[in-house]
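Colleague: only geometry, no sequence info:
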């Protein structure tokens, strides 16, 4: 089964959250964790980006692309960016992959290209 | 600390609030004195960041970012600042030259501060315009370069908060904490409705000014949290010194330099004085108190009566702003 990253929809008012919250940021009345998970869409538009050159030891690459993407449903996500020469506003597609290996475990997240 | 200074049986507590720890401790001390619970509170801030190498320090600081939505990807504080800078450049016309102007202003200001970490003057030529600039000043997280970031520093600062009654018996020019404001914003930066806003800075400053009964136009000298050059520009707008998107224009005109309309970071800021994380908020207050007492020597802002600090936690998810007034 394909891995997904989930957003969480408030059962009271319908507001979608990513990452998760225990109280809805919109109605603030949902205090019993009544949220339904739904997979984030993969397509979106690149809002901003960087290439990081000074990286933590977990990343054995000369530079790492990172970006904030506005997904089709309006939710934004921070992810890795596997685009050599990115442009603000370009269309990108995400895939859930290993984004960090900490020495003990693989962490999965969204990689856009 | 208690043993070193032989402070028994005084009470003691640790305030840990990331980069905003210093001002958060001042806030706690202020509340303790203002409520009458204590009449003398010693607030100290200290950090030894150079026990580890710079990349380890950067990774440790990066644990301030959202653990699931940011940190796992390799997001660091420079990465956040870089993505934010790119948006600001696109929307408001800020350029790498503006960023370099902040770096030069603050790092050179530190030459006049005996307590500063960096005593190394820099020029626009050396970090931006010359053929050597690409080597002197490489990209850390594009479009931010090495000199756009504060150094990794060891350091400490202390502040003695006393009640008005106790102050009468102290032979030092008194400075009053007139306003205390704190505000939060979302942890994950991508969740903010307007990605070029720093709403916690705006709200914390507004609360601080409201409590003091003053406004941004009353401020004579300010310490803003320039962990990255872009942050001085944006904070100067969000606290109300300049209109949104016009901070870099005021910088160009010299309005934020010593002798300008609202001198910012004349003690070097985080850029030049250094950023020992837990000490910074206290060091900012120390600079303002020194200025309001007229004891700042070569970097004195003439006639300064009202001072202001902005201590910025995380990437703006927890911010404390303080307003200081020189007592007659």
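Modeller: Here it is on my side, so go on. Model, not experiment: these values are computed from the prediction. Numbers count the residues shown, from 1 in each chain, chains lettered A, B, ... in the order given.

Colleague: give me the neighbour count for residue A:103.
Modeller: 6 (other C-beta atoms under 10 Å in any protein chain shown). For glycine as for every other residue, the C-beta is placed from the backbone atoms N, C-alpha and C.

Colleague: for it, give me its contacts.
Modeller: By C-beta atoms under 8 Å, 6 or more residues apart in numbering or on different chains, the contact list for residue A:103 reads residue A:58.

Colleague: and the residue of the stretch 101-250 of chain B at minimum distance from chain A, which of the three is it?
Modeller: As assessed by C-beta to the nearest C-beta, chain A sits closest to residue B:190 within the stretch 101-250 of chain B, at 4.1 Å. Following DSSP: H, G, I helix; E, B strand; the rest coil, we place residue B:190 in the helix state.

Colleague: now the residue nearest to it when sequence neighbours are not counted: how far from residue B:248?
Modeller: Of all residues not flanking residue B:190 in the chain, residue A:76 sits nearest, at 4.1 Å (C-beta to C-beta, 6 or more residues apart in numbering or on different chains). Residue A:76 sits 25 Å away from residue B:248, going by C-beta to C-beta, to the nearest Å.

Colleague: and those two? Which one has more around it.
Modeller: Between residue A:76 and residue B:248, counting by other C-beta under 10 Å, residue B:248 is the more crowded of the two (26 against 20).

Colleague: okay, now residue B:291: neighbour count?
Modeller: 26.

Colleague: picking up where we left off before, how about the contacts made by the residue nearest to residue B:190?
Modeller: Applying C-beta under 8 Å, 6+ apart to residue A:76 gives the contacts A:18, A:47, A:68, A:69, A:70, B:190, B:191.

Colleague: report the two of these separated the most.
Modeller: Within these, A:18 and A:47 form the most distant pair, 14.1 Å apart (C-beta to C-beta).

Colleague: one step back: out of the contacts of residue A:76, which are inside strands?
Modeller: Counting by DSSP state E, the contacts of residue A:76 place A:47, A:68, A:69, A:70 in strands.

Colleague: before we move on, the earlier item: which one among the contacts of residue A:76 gets closest to residue B:179?
Modeller: Residue B:179 has its nearest neighbour among the contacts of residue A:76 in residue B:191, at 28.6 Å by C-beta to C-beta.

Colleague: enumerate the residues of chain A near chain B.
Modeller: A:18-19, A:25, A:47-59, A:64, A:66-68, A:76-80, A:88, A:99-100, A:107, A:109 (C-beta under 8 Å from any C-beta of the partner chain).

Colleague: among the residues you listed, which ones are buried?
Modeller: Among the residues of chain A next to chain B, the ones that count as buried by 16 or more other C-beta atoms under 10 Å in any protein chain shown are A:18-19, A:47-56, A:59, A:64, A:66-68, A:76-80, A:99-100, A:109.

Colleague: tell me the centre residue of chain A?
Modeller: residue A:77 (3.5 Å; C-alpha atoms, centre = their mean).

Colleague: strands of the chain, start to end?
Modeller: Using chain A here. Using DSSP E, the strands of chain A run over residues A:6-10, A:16-17, A:35-39, A:43-52, A:64-71, A:76-81, A:91-101, A:106-112.

Colleague: hm, I was asking about chain B
Modeller: With DSSP E as the criterion, chain B has strands spanning B:40-48, B:139-141, B:144-145, B:154-162, B:175-184, B:221-223, B:306-313, B:318-326.

Colleague: okay, now the sheet partners of the last one, with direction.
Modeller: Taking DSSP bridges as the criterion, strand B:318-326 pairs within the sheet with strand B:175-184 (antiparallel), strand B:306-313 (antiparallel).

Colleague: show the pLDDT at the closest residue to residue B:180 other than its chain neighbours.
Modeller: In this structure, residue B:180 finds its nearest non-sequential neighbour in residue B:27, 5.3 Å apart by C-beta to C-beta, 6+ apart. On pLDDT, residue B:27 comes in at 98.

Colleague: state the distance from residue B:27 to residue B:326.
Modeller: If you go by C-beta to C-beta, the gap between residue B:27 and residue B:326 works out to 20 Å.

Colleague: do the same with residue B:23
Modeller: 19 Å.

Colleague: likewise residue B:21?
Modeller: From residue B:21 to residue B:326 the distance is 26 Å (C-beta to C-beta).

Colleague: tell me which of the two has more neighbours.
Modeller: Between residue B:21 and residue B:326, residue B:21 has the larger neighbour count (other C-beta under 10 Å), namely 24 against 20.

Colleague: touching, that one and residue B:281? I think so.
Modeller: Yes: with contact defined as C-beta atoms under 8 Å, residue B:21 counts as touching residue B:281 (6.4 Å).

Colleague: overlap in contacts, the two.
Modeller: Listed as contacting both residue B:21 and residue B:281 by C-beta under 8 Å, 6+ apart are residue B:45.

Colleague: now for the most centrally placed residue in chain B: which residues touch it?
Modeller: Chain B has residue B:225 as the residue nearest its centroid, 2.4 Å off, counting by C-alpha atoms, centre = their mean. By C-beta under 8 Å, 6+ apart, the contact set of residue B:225 is B:19, B:231, B:232, B:235, B:270, B:280, B:284, B:310, B:311, B:312.

Colleague: just flag the most distant two among those residues.
Modeller: B:19 and B:232 (14.5 Å).

Colleague: near chain A, which residues of chain B?
Modeller: Residues of chain B that fall close to chain A, judged by C-beta under 8 Å from any C-beta: B:54-56, B:58-59, B:62, B:66, B:68-70, B:72-76, B:78-79, B:82-84, B:86-87, B:90, B:138-144, B:186, B:188-191, B:195.

Colleague: recalculate using a threshold of 7 Å.
Modeller: Proximity of chain B to chain A, by C-beta under 7 Å from any C-beta of the partner chain, involves residues B:55, B:58-59, B:62, B:66, B:68-70, B:72-76, B:78-79, B:82-83, B:86-87, B:90, B:138-142, B:188, B:190-191, B:195.
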